[in-house]
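Have a look at this prediction, sequence included:
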Amino acid sequence: MADRTKAEIEGTFRPLKDNEEANVLTPLKANSEREEKAKDDADARETDGLAPVKNGPDAEALKEATVTRQDLHISFPSCRLVFVGIGFIGFIMVYALRVNLSVALVQMVNATYVKQVSQSKLSAVDKCESGHGGNDTTNATDTAEKQTGSFNFDPQQQSVILSSFFYGYICLQIPAGTIAQKFGGKVVLLGGMFITSFLTVITPVIAKAGGYGGLVAIRAVEGLAQGVAYPSMHVLLAKWATPNERGRMSMFIYAGAKLGIIITNPLSGLLCDTLGWESVFYVFGGIGCVWCLSGVFLIYDNPSVHPRISASERQYIETALGGVQKPVLKVPWLSILTSLPVLALTFTAFVYQWGNFTLLTTLPQYFKYILNFDIKKNGLLSGLPYVFVWITMILTGFVCDALHSRKIMPVGYIRKSLTTVGFVGSGAFLLGVGYVACDNTLAVVLIVWSVAFSGISWGGWSLNQLDLAPGYAGTLMGITNGFAGIGGIVGPVVVGALTKYDQSRAAWRKFFFISFGLYLLGSLVFIIFGSGERQKWSYPNSSSDDKRKDDKKKDNEKTTKPLTTKKEDEATV
């Protein structure tokens, strides 16, 4: 027995012939290639905040994400549905707390004082006959006298008050994304929203005590607290939204912001007219606090820590995303800040927010001083455009997912096409507003379509962070949204400078021209320099500094390795 075993062993380790070498080495080589590929896939999942699954069959299943809803029983309502629902309501409140001042300020300000300061320099084209709803002086004066407030803020001061929110807003964008990636999006999102809600409740007290300076200061702090909303939500979406659901889930949650405008503007007008402007801040601030309390029990950083998620749903999400959640790696700042696609995306975000934030904050002024609408009609019409942008955003989300899942066109084409259509359409309709003379109905229609088209662009540039670097989506959202916030500061200030002594259609037309030019420029920059591909630096151990060190080390090894002949190599083997 011992001899036979010995013979078998000796036969097993006998010298191999040339024709046997390939048969043995080929499987070994194939195994080696599979191991390297599996390691690369695991590294990619690790960067996205995902821990690799070690077993071969499971790893392949995770990589391909072949599990579908039909394969797994998912309880209803699913935790993803609850997450989308609470996120949707949360972003209703994000914008409710942001824009409530836009309508309330119209009621707070002494309109007679504004008319005296803003000596209108109207040309014959800007003057409208009585009954057309244009710049009829008598009509405007009567409306203003009925709805005058106690604060003497001129148009430029009003613009500074409205833009002061963004002084603080841009400051925490980048830190918020990084902090949310490290500590979880839940605590960052809920903490920022609670602070904003509380400050909103005490805004009337601060405004009456501190006047212009107090109002600017508290709005800046509110903006600072709310600056964490989008970066932290992007971090949460990266952990909850599967690739084939990413468009729908993201667009539905963020569409809540537009519904917030739809609800807030008319409700603010009604509250101002019935209970006084102070009630606007009490109502929305109080609702915001209640939402934060509900978020404590309904929002979780990822499926693995959710106490009520079903095993099947958790498996579905983790399978589609590639594994269970794991902390992200070090942020490759140098590579991010020098990436052309990231820079193009950042400028595109600035252009969008220039138009979005400026119209959002100054539209009630346009409806009052140019179209002469009373406070209730003002609030209703100020919210009307966002009914349509809410619809276009949700529809665009379904379009994005359909184009992606059916592989109709590459992701980059989807992002660039939707961004261009949204920008060009929005700018063209906005430009037309300045040339409708005294037809206020047509002016409102054009504004509605301009804002509606901006919702289409959200399916393009706003999801691009998840394309370029899923593991650093919060950081990229912070960078792009922070720079974009500058548009929210500059835009209203530009409007205030243009209309301070000339509250006319001609003055507003200049702003529309500037916006149209920026929309065109933003489209071109994103088309030329934007990308839908995942960037190389988003993979682990690929930051620019580390990469340079690795390349230098490899070069040194090549130059220092001694040259050997073929025979010497064979002898060594």
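Here it is on my side, so go on.

quick one, what contacts residue 499?
By CB atoms under 8 Å, 6 or more residues apart in numbering, residue 499 lies in contact with 118, 155, 365, 369, 507, 508. For the C-beta atoms, the positions are set from N, CA and C on the backbone; glycine is no exception.

from those, which would you call buried?
Listed as buried from those are 118, 155, 365, 369, 507, 508; burial here means 16 or more other CB atoms under 10 Å.

Show me what the mean pLDDT comes to for the helix or strand hosting the fifth one.
To tie it back to what came earlier, the one meant is residue 507. Secondary structure from DSSP states H and E places residue 507 in helix 505-529. In this model, helix 505-529 carries a mean pLDDT of 92.

remind me which residues of the chain are low pLDDT?
Low-confidence segments of the chain (pLDDT under 70): 1-77, 110-149, 323-329, 374-376, 378-379, 540-573.

so residue 537 makes contact with residue 338?
No. Judged on CB atoms under 8 Å, residue 537 makes no contact with residue 338 at a distance of 9.2 Å.

who's more crowded, these two?
Each of residue 537 and residue 338 has its neighbours counted (other CB atoms under 10 Å); residue 537 has more, 22 against 12.

how far away is residue 466 from residue 532?
Separation of residue 466 from residue 532 (CB to CB, to the nearest Å): 10 Å.

So for stretch 412-423, what gets flagged as buried?
Within stretch 412-423, the residues that count as buried by 16+ other CB under 10 Å are 412, 414, 415, 416, 417, 418, 419, 420, 421, 422, 423.

what's it in contact with?
Contact with stretch 412-423 is made by 348, 351-352, 396, 399-400, 403-404, 409, 453-461, 463-464, 467, 519-520, 522-523, 526-527, 530-533, as judged by CB under 8 Å, 6+ apart.

Now the buried members of those residues.
Applying 16+ other CB under 10 Å to the contacts of stretch 412-423 flags 348, 351-352, 396, 399-400, 403-404, 453-461, 463-464, 467, 519-520, 522-523, 526-527, 530-532 as buried.

Which ones among those residues map onto helices?
Judged by DSSP state H, those include 348, 351-352, 396, 399-400, 403-404, 453-457, 464, 467, 519-520, 522-523, 526-527 as members of helices.

so where does the closest residue in space to residue 255 that isn't next to it in sequence fall, helix or strand?
Nearest residue to residue 255, sequence neighbours excluded (CB to CB, 6 or more residues apart in numbering): residue 393, at 4.2 Å. For residue 393, the element it lies in under DSSP H and E is helix 375-405.

sorry, back to before: any chance of the buried ones among the contacts of residue 499 in a markdown table, with distance to residue 281 too?
Shown next, in a markdown table, are these (distance: CB to CB, whole Å):
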| residue | distance to residue 281 |
| --- | --- |
| 118 | 26 |
| 155 | 22 |
| 365 | 19 |
| 369 | 23 |
| 507 | 30 |
| 508 | 28 |
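
so which of the residues you listed comes closest to residue 186?
Nearest to residue 186 among the buried ones among the contacts of residue 499 is residue 365, at 37.2 Å by CB to CB.

now the strand or helix carrying that closest one and helix 375-405, what's the angle there?
For residue 365, the host element (DSSP H and E) is helix 340-369. Relative orientation of helix 340-369 versus helix 375-405 (axes from the mean of the first three to the mean of the last three CA atoms, to 10 degrees): 160 degrees.

I figured residue 87 was touching residue 251, is that so?
No. Assessed by CB under 8 Å, residue 87 is found out of contact with residue 251, at 11.4 Å.

Not counting residues beside it along the chain, what's closest to residue 231?
Spatial nearest neighbour of residue 231, chain neighbours left out: residue 177 (3.6 Å); criterion: CB to CB, 6+ apart.

Please disregard the earlier target; I meant residue 88.
Nearest residue to residue 88, sequence neighbours excluded (CB to CB, 6+ apart): residue 256, at 4.1 Å.

for that neighbour, phi and psi?
Torsion angles at residue 256 (phi, psi; degrees, to the nearest 10) stand at phi -60, psi -30.

In contact with it, which residues?
Residue 256 is in contact with 87, 88, 89, 90, 91, 92, 94, 95, counting by CB under 8 Å, 6+ apart.

Could you export those residues to JSON lines, including columns for secondary structure, distance to residue 183 and neighbour count?
Converted to JSON lines, the contacts of residue 256 look like this (DSSP: H, G, I helix; E, B strand; the rest coil; distance: CB to CB, whole Å; neighbours: other CB atoms under 10 Å):
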{"residue": "87", "secondary structure": "helix", "distance to residue 183": "19", "neighbour count": "24"}
{"residue": "88", "secondary structure": "helix", "distance to residue 183": "24", "neighbour count": "18"}
{"residue": "89", "secondary structure": "helix", "distance to residue 183": "23", "neighbour count": "19"}
{"residue": "90", "secondary structure": "helix", "distance to residue 183": "18", "neighbour count": "25"}
{"residue": "91", "secondary structure": "helix", "distance to residue 183": "21", "neighbour count": "22"}
{"residue": "92", "secondary structure": "helix", "distance to residue 183": "25", "neighbour count": "23"}
{"residue": "94", "secondary structure": "helix", "distance to residue 183": "20", "neighbour count": "24"}
{"residue": "95", "secondary structure": "helix", "distance to residue 183": "25", "neighbour count": "23"}
